[in-house]
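Undergrad: Generate a structure from the sequence data that follows.
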Amino acid sequence: MSRILLYGMCGMDNLGDDLMYSAISRYLNQNNIKIDFIERVKWKNYFFNEKKPTCVKFIIYNAFFTRVGFAIRKYINVLYSKFRDIEFACVMKKMQEGYSALVFLGGGYLTSDYSVMSEDELDNILLLINTAKKAGIKVIFSGLTVGPFEEKKYLSKKVADILKFGDWLSVRDKFSLNEIEKLGLKAELIGDNIFLFGSENKCRECDFSGKYIIVNLKSHMDQSQNLVERKKIIAQLCVKYNGIVKVVPFRSDVDGEEYKINQLLADQLVNLGIECELIIPNSVDELINLYSNAHIVIGSAYHCVALALLFKRKLYTWYDGLYYQYKIDGIIELCGAKSKELIGTRIFEILDGSAISTDYRVELVKREWNNIVQLIK
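TA: Predicted structure coming up:
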C-alpha cells in the first residue's frame, strides 16, 4: 500500500478545510493509498504585541517593559525556536518512513497578502520539501489559491522557490493561475478538491419536502461596517423565500468570532418572526447533507459558495477585499455561473443555478487525482 504525507490545516475547527481533507482521503482510500497528516499549527505569541500604551501614567511602565521586556522576548524566542526545531525534526523523521508523496492542499494559508504563515514557517516548508526531494518523494500542490501579492511582494520570490519543486501543481481559479504565470511557473486550472464529492451519487440526492435556507456568515468578512446592512438584506431574502432558516457556521468554537456573529444573526432572525435554528454540523457528511438538500444558500465563506455551486443551489454571496474577490469570483466563474448585484448592496445573486457547469469541474478534479495516483504509485 502506498502512503502519502498530507500537509494542511485540517482538524483546526474549520469545516471547509476538513471538507477538502475528507474528499481526498475517501478518494485515495478507494485507490489503496494511506494518508498520514501533518497538522499545521498557527503560532500566536502574545509577547509581540506592538501596540504601545499612550496614557502618561504608563510611560514609566513602558520604559521598564522596553528594557526588561527585550530580555524576556529574547528568551521566549530561543525557547520557541528550540521547540519548533524539535517539532520539525519529528516531521523530518516521518519523511524517512517510506512515503510516496508530500501533498499540499487548498487555500490561501500558504501564499498571499493574507497569508497566516510567517517567513520562518515558509522557510520550514521549503526545508521540508527539500528533504522530501532528497528522499525521492514526489511533491504535490493541489487546488491552491495563490496571491494576490499586492502588499507583500517580497513573499512572491519565496513562494516561487517553494512551488518550483512541485511534481504536480494545480490551482482552483484563474486569478491564481495568473499569479503562478507571473512567478514564471506553470499550473493546471482544475477546481476545488471538494468537487470530488460530486462523483458520489448519494450527494446528488435532493429532498425539498422540508424546504429550507442555509445562511452562513464568515468572521473575516462579516465584522465589517457593512454587516448591519447585510443582515437586513439577509432577513429580507429569508422572508422572500419563506422557508425555515438554518444558520450554519463553519467553525464550532463558541468563543470564536464566527460562532458569535452567526449566533447573533440567528437570534435576530427569530426576533423578526422567522423560523430559524443555529446548527453546528458534527461531521463532514452532515454538512454535505445540509447543503445538498437546501433550497437556497446565502453566505460568504468560500466553501459555502463552493458547496452551493456543486449542488446547483440558488446562491447569494458577497466578499470584502481582493483576496476574497479572487476566491469567490474565481470559483463562480470557473463553474460557468453568472452573477447580478442586488442594487446598492454588494450582495450578488448567482443566476441560473440549474445551468451551472460544475459537472465538468467534477470530472477534471477526479481526472487530476487519477493522474496523481498514477504518479505516486
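Undergrad: the helices in this protein, which residues?
TA: Counting by DSSP state H, the chain has helices at residues 15-30, 59-94, 119-134, 154-163, 174-182, 227-241, 257-271, 284-292, 302-310, 322-334, 358-376.
Undergrad: so of the ones you listed, which one's packed in deepest?
TA: With neighbours taken as mean count of other Cβ atoms under 10 Å, those reach their highest mean count in helix 302-310, at a mean of 28. The C-beta positions use only the backbone N, C-alpha and C, and glycine is treated the same way.
Undergrad: could you say what helices and strands that one packs with?
TA: The contact analysis (3 or more Cβ pairs under 8 Å, 6 or more residues apart in numbering; DSSP states H and E) places helix 302-310 against helix 15-30, helix 284-292, strand 296-299, strand 314-317, helix 322-334, helix 358-376.
Undergrad: Go ahead and produce CSV holding the CA coordinates of the fifth one.
TA: Coordinates of the C-alpha atoms in helix 322-334 are reproduced here as CSV (Å, rounded to 0.1, in the frame of the first residue of the first chain):
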residue,chain,number,x,y,z
LEU,A,322,-9.1,41.5,-3.2
TYR,A,323,-8.1,38.1,-1.7
TYR,A,324,-11.8,37.0,-1.2
GLN,A,325,-12.7,38.5,-4.6
TYR,A,326,-10.0,36.2,-6.1
LYS,A,327,-11.6,33.2,-4.3
ILE,A,328,-15.3,33.9,-4.6
ASP,A,329,-15.3,35.4,-8.1
GLY,A,330,-12.8,32.7,-9.2
ILE,A,331,-15.0,29.7,-8.3
ILE,A,332,-18.2,31.3,-9.6
GLU,A,333,-16.6,32.0,-13.0
LEU,A,334,-14.9,28.5,-13.0
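Undergrad: where's it relative to the chain centroid, distance-wise?
TA: Distance of helix 322-334 from the chain centroid (Cα atoms, centre = their mean, to the nearest Å) equals 13 Å.
Undergrad: Next: the second one.
TA: Centroid separation for helix 284-292 versus its chain: 17 Å, with Cα atoms, centre = their mean.
Undergrad: could you say what helices and strands that helix packs with?
TA: Judged by 3+ Cβ pairs under 8 Å, 6+ apart, the packing partners of helix 284-292 are helix 15-30, helix 302-310.
Undergrad: Turn these into TSV, columns for distance to residue 267 and mean pLDDT.
TA: Output for the helices and strands packed on helix 284-292, formatted as TSV (distance: least, Cβ to Cβ, whole Å; pLDDT from 0 to 100):
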stretch	distance to residue 267	mean pLDDT
helix 15-30	22	88
helix 302-310	20	90
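Undergrad: got those as JSON lines, with distance to residue 192 columns?
TA: Putting those into JSON lines (distance: least, Cβ to Cβ, whole Å) gives the following:
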{"stretch": "helix 15-30", "distance to residue 192": "7"}
{"stretch": "helix 302-310", "distance to residue 192": "5"}
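Undergrad: Below-threshold pLDDT in the protein: ranges please.
TA: Low-confidence segments of the chain, defined by pLDDT under 70: 8-12, 39-97, 107-118, 151-152, 199-210, 219-226, 321, 343-345, 351-356.
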